[in-house]
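Peer 1: here is my input, please return the structure:
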Amino acid sequence: MAAPAGLSRKLFKMAAPRNCFRSASPLLSEACPRWRRPAEECFPSVTSAEEPAPPLPHVVAPGSHFRSGLTRAPPARGRDHWRQRPAQTSDPGPPMSGPPVCTAPLGAPLIPGTPYSVLVLQEGYSRALPDGRTEADGSVTLVRGPQLTLVDTGGPWGREQLLAQLAAQGVAPGAVTHVVCTHGHSDHAGNLNLFPQATLLVGFDLSRGRGLYLPHGLGAGAPYPIDPGRVEVVPTPGHTAAHTSVLVQGTALGSVLVAGDLFEREADEDVWRGLSEDPARQERSRRWALSVADVVIPGHGPPFRVLRGEPQAPEPN
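Peer 2: Numbers count the residues shown, from 1 in each chain. The predicted model follows:
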């Protein structure tokens, strides 16, 4: 597999695919090819010949396009397990067919690019404690370019750390033009008040200035363009009803999706449903995400690559 133009072999080969998503439920009796991941980590791929993935940009909510063949796991206890959720009555539908989609750790916090690069300032985490509590904080990501954008701000306990992380990049809070909080949980929106001059988007609430709220089409499925065709906020409902992700296109690794808690981490099949307000919608949003992203930055883990088609063995050093 050749490295894309302008991308070093070292960056391209940082990790081999390790987490594969198979095409149909009967294949759960098998392990994924070549990389020999356990079959339980496989699920149907994001595309099919009958129902291809939609191109971007588009004006239909991503969750409306894909049907899932997964059965639901029992809710996992952990962060937010106490939140009351609506009853889950919808059926995600039959499994889909198509080539496998595999993921692999990115292995670096920076995705270079022109005019936009993406830097993970803080890698999110979530750890269960022996006494039943959970220690967690969200990923914080800086999208550098003509529109300097911060995606998620971490928890309020990390205020000074966030200011130091920005200062280390030569960024003053007043220089940030847009702040996107993928949803309103405290570990993602806890430092919003550091950026009163920026355009602020928290879930589907868009504001600028002193209490001035602006119209947009996120609730109807339309992306909100920060820089049209380059940086766009897209609705990815499920974890919360108004959950969003930020899609950055044209980096050295392709399209980068800063996904909030659409993905807790790579290989998160054991936890994400138990933290979701609407697992069926989130499943569809996740499949859409895997159909368009080359790199995903999850809410509580390191970034990972998305590799479509049959995985190839890594090149020798």
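Peer 1: which residues of the stretch 101-250 of the chain fall in strands?
Peer 2: Counting by DSSP state E, counting those that start in this stretch, the stretch 101-250 of the chain has strands at residues 101-105, 110-111, 117-122, 125-128, 134-137, 140-144, 149-151, 178-181, 199-202, 205-207, 224-227, 231-235, 244-251.
Peer 1: any idea which of the ones you listed is most buried?
Peer 2: With neighbours taken as mean count of other CB atoms under 10 Å, these reach their highest mean count in strand 149-151, at a mean of 28. Just so you know, the C-beta spots here come from the backbone N, C-alpha and C atoms, and that holds for glycine as well.
Peer 1: what helices or strands is it leaning on?
Peer 2: Contact partners of strand 149-151 among helices and strands, from 3 or more CB pairs under 8 Å, 6 or more residues apart in numbering; DSSP states H and E: strand 140-144, strand 178-181.
Peer 1: in its sheet, what does the shortest one sit against?
Peer 2: Applying DSSP bridges, strand 178-181 is found paired with strand 149-151 (parallel), strand 199-202 (parallel).
Peer 1: adding mean pLDDT and distance to residue 257, write the strands of the stretch 101-250 of the chain out as JSON lines.
Peer 2: Below are the strands of the stretch 101-250 of the chain laid out as JSON lines (pLDDT from 0 to 100; distance: least, CB to CB, whole Å):
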{"stretch": "strand 101-105", "mean pLDDT": "95", "distance to residue 257": "12"}
{"stretch": "strand 110-111", "mean pLDDT": "98", "distance to residue 257": "11"}
{"stretch": "strand 117-122", "mean pLDDT": "98", "distance to residue 257": "10"}
{"stretch": "strand 125-128", "mean pLDDT": "96", "distance to residue 257": "19"}
{"stretch": "strand 134-137", "mean pLDDT": "97", "distance to residue 257": "20"}
{"stretch": "strand 140-144", "mean pLDDT": "98", "distance to residue 257": "11"}
{"stretch": "strand 149-151", "mean pLDDT": "99", "distance to residue 257": "10"}
{"stretch": "strand 178-181", "mean pLDDT": "98", "distance to residue 257": "12"}
{"stretch": "strand 199-202", "mean pLDDT": "98", "distance to residue 257": "16"}
{"stretch": "strand 205-207", "mean pLDDT": "98", "distance to residue 257": "20"}
{"stretch": "strand 224-227", "mean pLDDT": "98", "distance to residue 257": "14"}
{"stretch": "strand 231-235", "mean pLDDT": "98", "distance to residue 257": "8"}
{"stretch": "strand 244-251", "mean pLDDT": "98", "distance to residue 257": "5"}
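Peer 1: which of those strands sits closest to residue 171?
Peer 2: Closest to residue 171 of the strands of the stretch 101-250 of the chain, according to CB to CB: strand 140-144, at 7.0 Å.
Peer 1: counting contacts, what elements does the closest one pack onto?
Peer 2: Looks like strand 140-144 contacts strand 117-122, strand 149-151, helix 159-168, strand 244-251 (3+ CB pairs under 8 Å, 6+ apart).
Peer 1: swap in 10 Å and give it another go.
Peer 2: Judged by 3 or more CB pairs under 10 Å, 6 or more residues apart in numbering; DSSP states H and E, strand 140-144 is in contact with strand 110-111, strand 117-122, strand 149-151, helix 159-168, strand 178-181, strand 244-251, strand 254-260.
Peer 1: can you get me a residue count around the closest residue to residue 279 other than its chain neighbours?
Peer 2: Closest residue to residue 279 apart from its sequence neighbours, by CB to CB, 6 or more residues apart in numbering: residue 273 at 4.6 Å. Residue 273 sits with 20 neighbouring residues when counted by other CB atoms under 10 Å.
Peer 1: returning to that earlier point: dump the strands paired with strand 178-181 into CSV; add distance to residue 140 as well.
Peer 2: Listed next are the strands paired with strand 178-181 as CSV, based on distance: least, CB to CB, whole Å:
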stretch, distance to residue 140
strand 149-151, 7
strand 199-202, 15
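Peer 1: how about the ones you listed, which one is nearest residue 268?
Peer 2: With CB to CB as the measure, strand 149-151 is the member of the strands paired with strand 178-181 nearest residue 268 (18.6 Å).
Peer 1: end to end, how far does stretch 247-257 reach?
Peer 2: By CA to CA, to the nearest Å, the extent of stretch 247-257 from end to end equals 5 Å.
Peer 1: use 694 as the first number from now on
Peer 2: Okay, residue one is now 694; in that scheme the one you just asked about reads as stretch 940-950.
Peer 1: low-confidence ranges in the stretch 744-893 of the chain?
Peer 2: Applying pLDDT under 70 to the stretch 744-893 of the chain picks out residues 744-792.
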